[in-house]
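Enquirer: Quick one, structure for this:
(one chain, ligands or ions: 2)
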Amino acid sequence: MTNYHALTQAEAVEYAHGIEDVFPDGAQLKSREIGDGNLNLVFHISDPASGRALILKQALPYFKMLGESVPLTLDRVRIECEALRIQGELCPNLTPKVYAYEPDLALMVMEDLSDHTVMRRGLMERGCYPLFAEHIGSFLARTMFFTSDLAMDQQEKKLRVKSFINPELCNITEDLILYAPYTKSRMNIFEPHIRDAVERIWADKELHLEVTLMREKFLTKAQALLHGDLHTDNIFIKPDSTKVIDPEFAYYGPMGFDIGTVIANLLLNYSGQEGWSTDAKERTDYRHYLLGTVHELWTQFELQFRELWNGHAADRLAKTRGYQDLYVARLLQDTIGFAGAIMLCRVHGFIHVADIDHIEDAAAREQAQRIALEIGVALIKRNRSAHSIKEVLDIALKAVN
Ligand SMILES: Nc1ncnc2c1ncn2[C@@H]1O[C@H](COP(=O)(O)OP(=O)(O)O)[C@@H](O)[C@H]1O
Ligand SMILES: CSC[C@H]1O[C@H](OP(=O)(O)O)[C@H](O)[C@@H]1O
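Expert: Ligands and ions are numbered 1, 2, ... in the order given. Purely as a prediction, here's the structure:
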């Protein structure tokens, strides 16, 4: 990438002028850098006169949140664009349109989704999204079924796996989610008031074995093309629309990781409710809504996944009696285990979530952290014996009662 340099606002505007069919000729464009994520520059470029806008996202060759001394591959933009292309073909209404990809500058240009809300923010304001479970169930079922060996020619799938080898970003997950939280690593960041709970996690050998088995799956199970980072900051939402962004962590991995990430983020918000409302009924009602969404999400996913399997499976053994049931049962177990691991790392690991960290009252924040740790540990320990999504709801209810 010899021509690579990080764009200035003025260069971003100039680049945006060249994108066809978005802005009228001679538009006076404005630019704002809105990148509040951990890794990239994001410019919002708009023409106030026509009301049109686009997003220009550029990767930096290092971890934005850690500084220039910690390098990070620019190849992640290729991965993100290619994943968005595949996801866009399979779920056109659930992904942003991509207008341009410029490998030399490690940038992409896409549809502006500012008319949607970032889902984490929406949940923190107790928003309800009646179509979310169906939409995300469809996204998960379609993107994962059609990229798996169930639906693809096995030779083509292997080439796909090769083009989504994403070692540096996978390494972030392998270390920060599936290793450090179980050790006295300096990558763990947590408040002193939960040290006793964290030390119990560090000492829990039964838990460590379960996480080791899940880590093995993440390292070795090339089951489907995953989004790889499907948390609620990467979902844009409004009552009638859901859009999934930012698949730069995409790789071929175990399907349960993506489903588990969505569920974990709903349960992290669930854990933080004491911090967001002083009204007990309001908290209970919203928790009820969140658990209903977890249940409906899995139900929708399972329904749609089975329908796709029955209508489109290409693998010559896919119709083997009992295979589909066993496959779905194992998927649920993986989902539950990964959901638990993602919850723990977002409480005492390196990267946290605003649903809990932004609670101002220290006692309410501590309560939220303890609830999330309790649910996370219980989900991980249940992963290999679980038979129903209802077990997740029971674990979550027990933690707040
Ligand atoms: N298509 C989009 N429309 C509107 N805002 C966006 C869009 N893509 C990203 N953003 C905003 O830019 C910020 C960072 O985006 P993201 O892709 O998550 O970057 P990172 O990969 O660094 O986390 C977030 O606030 C996100 O909401
Ligand atoms: C050290 S980066 C860790 C963290 O950052 C990613 O978040 P995002 O790109 O959405 O800001 C991802 O969740 C990783 O776990």
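Enquirer: Residue 4 and ligand 2: what is the separation?
Expert: Counting by Cβ to the nearest ligand atom, to the nearest Å, the gap from residue 4 to ligand 2 is 20 Å. Where you see a C-beta, it was placed from the backbone N, CA and C, and this is true even at glycine.
Enquirer: when you give positions from now on, start the count at 28
Expert: With the count now opening at 28, the last piece we talked about shows up as residue 31.
Enquirer: Would you mind giving both backbone torsions of that residue?
Expert: phi -70, psi 130 (degrees, to the nearest 10).
Enquirer: I figured it hits residue 88, correct?
Expert: Yes - assessed by Cβ atoms under 8 Å, residue 31 is found in contact with residue 88 at 7.3 Å.
Enquirer: what sits in contact with each of the two?
Expert: 101, 133 (Cβ atoms under 8 Å, 6 or more residues apart in numbering).
Enquirer: how about the residues of this protein near ligand 2?
Expert: 64-66, 90, 199, 203, 256, 258, 260-261, 273, 378 (Cβ under 6 Å from any ligand atom).
Enquirer: Can you convert those residues into a markdown table and add a column each for neighbour count, distance to residue 384 and pLDDT?
Expert: Converted to a markdown table, the residues of the chain next to ligand 2 look like this (neighbours: other Cβ atoms under 10 Å; distance: Cβ to Cβ, whole Å; pLDDT from 0 to 100):
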| residue | neighbour count | distance to residue 384 | pLDDT |
| --- | --- | --- | --- |
| 64 | 17 | 15 | 83 |
| 65 | 14 | 14 | 87 |
| 66 | 22 | 19 | 90 |
| 90 | 15 | 19 | 91 |
| 199 | 19 | 19 | 97 |
| 203 | 18 | 16 | 97 |
| 256 | 21 | 18 | 98 |
| 258 | 19 | 14 | 98 |
| 260 | 18 | 13 | 98 |
| 261 | 23 | 17 | 98 |
| 273 | 24 | 20 | 98 |
| 378 | 14 | 10 | 95 |
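Enquirer: check contacts around the residue of the stretch 178-327 of the chain found nearest ligand 2.
Expert: Nearest residue of the stretch 178-327 of the chain to ligand 2, counting by Cβ to the nearest ligand atom: residue 256, 4.7 Å away. Listed by Cβ under 8 Å, 6+ apart, the contact set of residue 256 reads 200, 273-276, 288.
Enquirer: got it, and residue 294?
Expert: Counting by Cβ under 8 Å, 6+ apart, residue 294 touches 317, 321, 366, 370, 399, 402, 419, 423.
Enquirer: for residue 257, same thing?
Expert: 271, 285, 288-289.
Enquirer: do that again at 6 Å, thanks
Expert: Neighbouring residues of residue 257 by Cβ atoms under 6 Å, 6 or more residues apart in numbering: 285, 288-289.
Enquirer: where along the stretch 228-377 of the chain do the helices fall?
Expert: Ranges of helices within the stretch 228-377 of the chain are 232-247, 282-298, 300-303, 307-339, 350-375, based on DSSP state H, counting those that start in this stretch.
Enquirer: Flag every residue of this protein that's near ligand 1.
Expert: 61-67, 69, 82, 84, 123, 137-141, 145, 261, 272-273, 275.
Enquirer: What subset of those is buried?
Expert: Neighbour counting by 16 or more other Cβ atoms under 10 Å classes 62, 64, 66-67, 69, 82, 84, 123, 137-140, 145, 261, 272-273, 275 among these as buried.
Enquirer: So for this structure, the centremost residue is which one?
Expert: The centroid of the chain falls nearest to residue 257 when counting by Cα atoms, centre = their mean (1.2 Å).
Enquirer: Excluding chain neighbours, what is closest to that residue?
Expert: Leaving aside its sequence neighbours, residue 257 sits nearest to residue 288 (Cβ to Cβ, 6 or more residues apart in numbering; 4.4 Å).
Enquirer: can you tell me which residues contact the one you found?
Expert: Neighbours of residue 288 in contact, by Cβ under 6 Å, 6+ apart: 257-258, 369.
Enquirer: and which of those residues is nearest residue 208?
Expert: residue 369 (10.0 Å; Cβ to Cβ).
Enquirer: tally of neighbours for the closest one?
Expert: Neighbours of residue 369 under the rule other Cβ atoms under 10 Å: 27.
Enquirer: so what's it up against?
Expert: Neighbouring residues of residue 369 by Cβ under 6 Å, 6+ apart: 288, 291.
Enquirer: cool, and residue 207?
Expert: Applying Cβ under 6 Å, 6+ apart to residue 207 gives the contacts 214-215.
Enquirer: Over to the one 3 residues further on?
Expert: With contacts taken as Cβ under 6 Å, 6+ apart, residue 210 has no neighbouring residues.
Enquirer: could you pull out the strands for the chain?
Expert: If DSSP state E is used as the criterion, the strands of the chain fall at 57-60, 67-74, 79-86, 89-90, 94-98, 125-129, 134-138, 144-145, 251-253, 262-265, 268-271, 278-280.
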